[in-house]
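Everything below, folded, please.
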Amino acid sequence: MENQKHSTPSSVLIKRFLPYYKKYRVMLFTDLFFAALTTLCELMLPLIVRNITTLATTNVAALTVAYVLRIGLFYIVLRLIDAGAAFYMNSQGHIMGVYMERDMRMDMFGHLHTLGFAYYSNAKVGQIMSRITNDLFEITEFAHHCPEEFFIAGIKLVASFVILFGINPILTLVIFAVLPLMLFFTRFFNKRMRKAFAERRSQLGELNAQVQDSLLGVRVVKSFAAEPREVAKFREGNDIFTRIGRKTFYIMAGFHTMTRAFDGLMYIIVVVMGALFLADGKITAGDYVAYLLFISTLLATIRRIVEFMEQFQRGMTGIERFTAIMDEQPDITDAPDARELTNVHGDVTFDHVSFHYSENERDVLADLNLSVKAGERVALVGPSGGGKTTLCNLIPRFYNLSGGRILIDGQDITTLTQRSLRENIGVVQQDVYLFTGTVYDNIAYGDPNATEEDVVRAAELAGADGFIRELPEGYRTYVGERGVRLSGGQKQRISIARVFLKNPPILILDEATSALDNESERIVQQSLDKLAVGRTTFVIAHRLTTIKNATTIWVLTENGVEERGTHKELMAGGGLYAKLYDMYTEDV
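Got it, this is the predicted structure:
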């Protein structure tokens, strides 16, 4: 997620970016056409002044009022054309950039949802947010101005060279000989600007991540009276951002100073050499004035390009950070011939299943062979680190197996589409996540096609309808960010209602009541018992008294499944489960 050590060449990044112009090529070419019009209108002024000056010094009688008025009218027409063209460039050109930003944001958001749990275990949401907002805004400006500015500059450079070379080849060659030197220094500064902008963006992402982390955990911060610590951490990150900003603006200042120095050099060359050529009769006064005006136009163009180079580098940095995310490959993908999982009964088989989180870690699960019949309720117990949650995360294929197979109704889950697999599995977790919105929205998330009656029925089954109707606006009550306005038990019952609405044949309950008080646990447990009826259910249990009626209990440790059986069988065996149960009931 962090900056790459070596920047990707701009040519490669531009090549990656070009396909986004395809849908809007008509807008792009129209924009460039109007850019050419504004440029040609601008280049006419030095020629008009040259013509008038030449007449005034060589044939003043020809400089009549009628002639001057015609010239004035002609120039007014040019300015009207220029104004219309500029309006199109500043409106439709920017709109094209906005459309491209929209497309890129949709592509990035869609791609982020293809990435698995492994990616998000290492990613910072604040960094991602910075890329999907700030970076793409810079790309919007780049998308519009990059082709426009370089196209205009190209026309002006070529046209100016041709016209000036026709007036005086020697003076023109001397002036244009300065440009390669200027380009060399521009390239020198651009490399440093690119690096500085990348560092600045990365640190901004770190700041965003820190702010998000601190504000989402504000209750913990306040409970520990840790505000000074959070402020101190933020100050440190903010100071780093300031130092990077200071370095960035020193580089930019050097860049601008260099361009101003070259501006002055080119003006001196024109003024001094032009005056000498004028004194020697090699150019006329009109030519001299035209030279000064063309050089002024040329330098204005160069200044625009120089100013745009800052935007160009910000755009390149944005594209580089965009492509870094788009180049992340999903660790879990559907097979080319993946099938839909339909008419699920709920038989689940673990066939020599092994799993580890990374190549350097030991197996969390090793050579596991277990079978669950449709409708059975399996409880997973054991000490922390035994692989209970890991085992359940493998069923919906949140991670790829290191070895073996998991089969649902005899079908290897790797041969099924992820979407159809997960549509048939419901998960109720300890850490409930409610989306920003209403109670109704959060329950309806289980089935977007559900009717209002379906939503209410799901809430009733989850034992949530009563408290929901007592809320200020009932089902339309806003729950706050992550459901902050609701209690733990209320949030859990809404999450259960969400799964009731989904109505999956396979159910995973991941310590769904362990964070609740006794009264809330009792109510939620009743809802879970209703939810589990007729479904193949995997229960990760913290409170062992809640699983006495499980069809079978698996005791998982670092050594795998050490014990398996019903509550009565395991208690009679006097093994690890019996010890855990006795310890738990003693604590209670």
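
For the longest helix belonging to the chain, name the packing helices and strands.
Longest helix of the chain, by residue count under DSSP state H: helix 227-279. For helix 227-279, the packing partners by 3 or more C-beta pairs under 8 Å, 6 or more residues apart in numbering; DSSP states H and E come out as helix 169-216, helix 285-326. For the C-beta atoms, the positions are set from N, CA and C on the backbone; glycine is no exception.

If we use 10 Å, what do you get?
Contact analysis of helix 227-279 by 3 or more C-beta pairs under 10 Å, 6 or more residues apart in numbering; DSSP states H and E lists helix 136-167, helix 169-216, helix 218-223, helix 285-326 as its packing neighbours.

Put together JSON lines for those, with mean neighbour count, mean pLDDT and distance to residue 471 on each row.
Formatted as JSON lines, the entries for the helices and strands packed on helix 227-279 read as follows, by neighbours: other C-beta atoms under 10 Å; pLDDT from 0 to 100; distance: least, C-beta to C-beta, whole Å:
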{"stretch": "helix 136-167", "mean neighbour count": "19", "mean pLDDT": "84", "distance to residue 471": "38"}
{"stretch": "helix 169-216", "mean neighbour count": "17", "mean pLDDT": "79", "distance to residue 471": "23"}
{"stretch": "helix 218-223", "mean neighbour count": "11", "mean pLDDT": "66", "distance to residue 471": "21"}
{"stretch": "helix 285-326", "mean neighbour count": "20", "mean pLDDT": "80", "distance to residue 471": "39"}
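
Would you reformat those helices as a markdown table and include distance to residue 412?
Compiled in a markdown table, these are given as follows (distance: least, C-beta to C-beta, whole Å):
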| stretch | distance to residue 412 |
| --- | --- |
| helix 136-167 | 39 |
| helix 169-216 | 38 |
| helix 218-223 | 43 |
| helix 285-326 | 30 |
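
And the strands in the stretch 401-550 of the chain?
Listed in chain order, the strands of the stretch 401-550 of the chain (DSSP state E, counting those that start in this stretch) span residues 403-408, 411-412, 425-429, 506-510, 536-540.

quick one, which of those strands is nearest to residue 227?
Evaluated with C-beta to C-beta, those place strand 425-429 nearest to residue 227, the distance being 30.1 Å.

could you say what helices and strands the closest one packs with?
Identification of packing neighbours for strand 425-429 by 3+ C-beta pairs under 10 Å, 6+ apart yields helix 388-394, helix 488-502, strand 506-510, helix 518-532, strand 536-540.

Look up how far residue 433 lies from residue 357.
According to C-beta to C-beta, to the nearest Å, residue 357 and residue 433 sit 22 Å apart.

the more surrounded of these two?
Legend: neighbour count by other C-beta atoms under 10 Å for residue 357 and residue 433, higher for residue 357 (15 against 10).

The more buried one should be in a helix, yeah?
No: counting by DSSP: H, G, I helix; E, B strand; the rest coil, residue 357 falls outside a helix, being coil.

how far away is it from residue 118?
To residue 118, residue 357 is 8 Å away according to C-beta to C-beta.

which residues are common contacts for these two?
Overlap between the neighbourhoods of residue 357 and residue 118 consists of residue 399, taking contacts as C-beta atoms under 10 Å, 6 or more residues apart in numbering.

Any chance of the strands of the stretch 401-550 of the chain in CSV with distance to residue 18 as columns?
Below are the strands of the stretch 401-550 of the chain laid out as CSV (distance: least, C-beta to C-beta, whole Å):
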stretch, distance to residue 18
strand 403-408, 43
strand 411-412, 41
strand 425-429, 41
strand 506-510, 45
strand 536-540, 49
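
Which of those sits closest to residue 366?
Using C-beta to C-beta as the measure, strand 403-408 is the one of the strands of the stretch 401-550 of the chain that comes nearest residue 366, at 8.5 Å.

So in that sheet, which strands flank that closest one, and in what orientation?
As defined by DSSP bridges, the strand partners of strand 403-408 come to strand 348-355 (antiparallel), strand 411-412 (antiparallel).

So which of these is the most surrounded?
strand 348-355 (a mean of 18; mean count of other C-beta atoms under 10 Å).

then it to PDB, C-alphas only?
As requested, C-alpha coordinates have been extracted for strand 348-355 and formatted as PDB (Å, rounded to 0.1, in the frame of the first residue of the first chain):
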ATOM      1  CA  VAL A 348     -20.300 -30.000   4.500                       C
ATOM      2  CA  THR A 349     -17.100 -32.100   4.300                       C
ATOM      3  CA  PHE A 350     -13.600 -31.200   5.300                       C
ATOM      4  CA  ASP A 351     -11.300 -33.500   3.300                       C
ATOM      5  CA  HIS A 352      -7.600 -33.400   4.500                       C
ATOM      6  CA  VAL A 353      -7.900 -29.600   5.000                       C
ATOM      7  CA  SER A 354      -4.700 -27.600   5.900                       C
ATOM      8  CA  PHE A 355      -4.300 -23.900   6.200                       C
END
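
Distance from the chain centre to it, please.
A distance of 35 Å separates the C-alpha centroid of strand 348-355 from that of its chain, computed with C-alpha atoms, centre = their mean, to the nearest Å.

tilt between that strand and strand 506-510?
In this structure, strand 348-355 runs at an angle of 50 degrees to strand 506-510, with axes from the mean of the first three to the mean of the last three C-alpha atoms, to 10 degrees as the basis.

Excluding chain neighbours, what is closest to residue 282?
Excluding its sequence neighbours, the residue lying closest to residue 282 (C-beta to C-beta, 6 or more residues apart in numbering) is residue 168, at 6.6 Å.

Just give the number of residues close to that neighbour.
Here the neighbour count serves as a burial measure; for residue 168 (other C-beta under 10 Å) it reads 19.

Mind pulling up the pLDDT for it?
Among the per-residue scores, residue 168 shows a pLDDT of 82.

Next: residue 509.
Reading off the per-residue confidence, residue 509 sits at a pLDDT of 85.

where's the residue nearest to it when sequence neighbours are not counted relative to residue 292, distance?
The shortest distance from residue 509 to any residue other than its chain neighbours is 4.6 Å, reached at residue 539 (C-beta to C-beta, 6+ apart). Using C-beta to C-beta, we find residue 539 at a distance of 86 Å from residue 292.

Repeat that for residue 551.
94 Å.

now do residue 543
Looking at residue 543 against residue 292, where the rule is C-beta to C-beta, the gap reads 88 Å.

helix, strand or coil for residue 368?
The assignment at residue 368 comes out as strand when based on three-state DSSP.
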